[in-house]
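A.B. asks: I'll drop the sequence and a predicted model, then ask my questions.
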There are 2 protein chains.
Amino acid sequence: MSILPDPIQKLILALERLPGIGPKTASRLAFFLLRAPDELSVNLSEALKNLKSSTGFCSICFNITLVNQDICDVCANPERDAATICVVEDSLDVLAMERTGGYHGRYHVLNGVLSPIEGIGPGDLRIRELIERVKEGSIKEIILATNPSMEGDATALYLRQQLAPFGVCITRLARGLPVGGDLEYADQNTLLRALSGRQEM
Amino acid sequence: MSILPDPIQKLILALERLPGIGPKTASRLAFFLLRAPDELSVNLSEALKNLKSSTGFCSICFNITLVNQDICDVCANPERDAATICVVEDSLDVLAMERTGGYHGRYHVLNGVLSPIEGIGPGDLRIRELIERVKEGSIKEIILATNPSMEGDATALYLRQQLAPFGVCITRLARGLPVGGDLEYADQNTLLRALSGRQEM
């Protein structure tokens, strides 16, 4: 590897630290950038430089905001239903929910899931802040939208337990076959969930 | 998408322009960087900023070098066989050849392949410069190591034609089954090449 000039080597090493990018992809990207117009690498460099310094978190739901913005656009929007909170793992999930166009309530971003293996306990997530929001009394429904994974389920169970005393309606996103999916290719757990959750039509 | 703050949106758009990175991967990378230690995005930003300004090309073989370095380490190394030139498409291929540890000659980086569809003709590649090197007379063998693709083959054929008058030995990398491969999964062209190129053992 010593035949590569240092600036490229450095870029490859920096790219390799991104998730899903191995040494080969990193080299390919680095050489692509080398041949691409200057503007491409400059834009990316600028965007990265400003990323951390120009973003912050909404003081209500902990979704990402601009650094000088105290609350996010969703929390600031009076047309959004303030009585419904959708609890998600991270801001990417907010984005996914917003893309559906079918949700009109507010959010609460946990910033992860409970994971004893990775040493992430309730104190590492924004659970206390969620409970504070519920305590204020105007919340009617909490939709637990953590991922349908083992950790996501465990986190949802924990949250249900913690939120039970407040008498709000607690729901979880439906499980079943994905739209456009194929019965034949569905894993058995998904199919089992689809069967047990079947609805009259 | 409007709910994402501008700095993240910008980063996602910049990442999307990289090859093999779609909108979903770009968002995932952007949010990963947002949660990762500052050092990660800063390092990447720095590496990108310096990439173009600090690299240049070897004046002999057109491999990548540092900007203040006239010839690359391979060309500068007196222990490398100056009578053999391995012709490759780009610097990544030099890297791949060097990794084998089995090549001790020099290189010539074409900077692409002939591709009428993309409008890349002989004038866009460093073919004239290769011919100049051969004309000088000390070259004994030219290994045409363009990719075993349609464009790579066409480029190799064109180069053989152009280099024929100079009486140097012109070779092409062997085709056949990849090491560790499986006959069952080999495509028919590869198997056909392996068959026609079979060697006595």
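C.D. replies: Happy to help now that I have it.
A.B. asks: Every contact and neighbour count from this point should use C-alpha atoms.
C.D. replies: OK.
A.B. asks: what's the strand ranked longest in chain A in contact with?
C.D. replies: What stands out as the longest strand in chain A, according to DSSP state E, is strand A:81-88. Outside strand A:81-88, the residues that touch it by CA atoms under 8 Å, 6 or more residues apart in numbering or on different chains are A:94, A:104-110, A:138-147.
A.B. asks: so what's the spatially closest residue to A:Cys75 that is not a sequence neighbour bridging to?
C.D. replies: Once flanking residues are discounted, A:Cys75 sits nearest to A:Arg106: 6.4 Å by CA to CA, 6 or more residues apart in numbering or on different chains. Using DSSP bridges, the bridge partners assigned to A:Arg106 are A:Ile85.
A.B. asks: Surely A:Arg106 and A:Asp73 touch.
C.D. replies: No. Using CA atoms under 8 Å, A:Arg106 is not in contact with A:Asp73, being 10.1 Å away.
A.B. asks: which among the contacts of strand A:81-88 end up buried?
C.D. replies: A:94, A:104-110, A:139, A:141-147 (16 or more other CA atoms under 10 Å in any protein chain shown).
A.B. asks: name the element the closest residue to chain B within chain A belongs to?
C.D. replies: Distances between chain A and chain B by CA to the nearest CA are smallest at A:Ser45, namely 4.2 Å. Following DSSP states H and E, the helix or strand that holds A:Ser45 is helix A:38-53.
A.B. asks: now for that helix, which elements pack on it?
C.D. replies: helix B:6-16, helix B:38-51 (3 or more CA pairs under 8 Å, 6 or more residues apart in numbering or on different chains; DSSP states H and E).
A.B. asks: pLDDT score for A:Ser53?
C.D. replies: pLDDT, A:Ser53: 85.
A.B. asks: ignore the last one, A:Ile3
C.D. replies: Predicted confidence (pLDDT) for A:Ile3: 67.
A.B. asks: Kindly report the same for A:Glu46.
C.D. replies: 91.
A.B. asks: for it, what are its contacts?
C.D. replies: A:Glu46 sits next to B:Ser45 when contact means CA under 8 Å, 6+ apart.
A.B. asks: swap in A:Lys140?
C.D. replies: Residues counted as contacts of A:Lys140 (CA under 8 Å, 6+ apart) are A:Ala83, A:Thr84, A:Val168, A:Cys169.
A.B. asks: hang on, isn't the third one packed against A:Glu136?
C.D. replies: No. A:Val168 is not in contact with A:Glu136 according to CA under 8 Å; the separation is 11.7 Å.
A.B. asks: Let me see the ranges of the helices in chain A.
C.D. replies: A:6-16, A:23-35, A:38-53, A:73-76, A:91-100, A:127-135, A:150-163, A:188-196 (DSSP state H).
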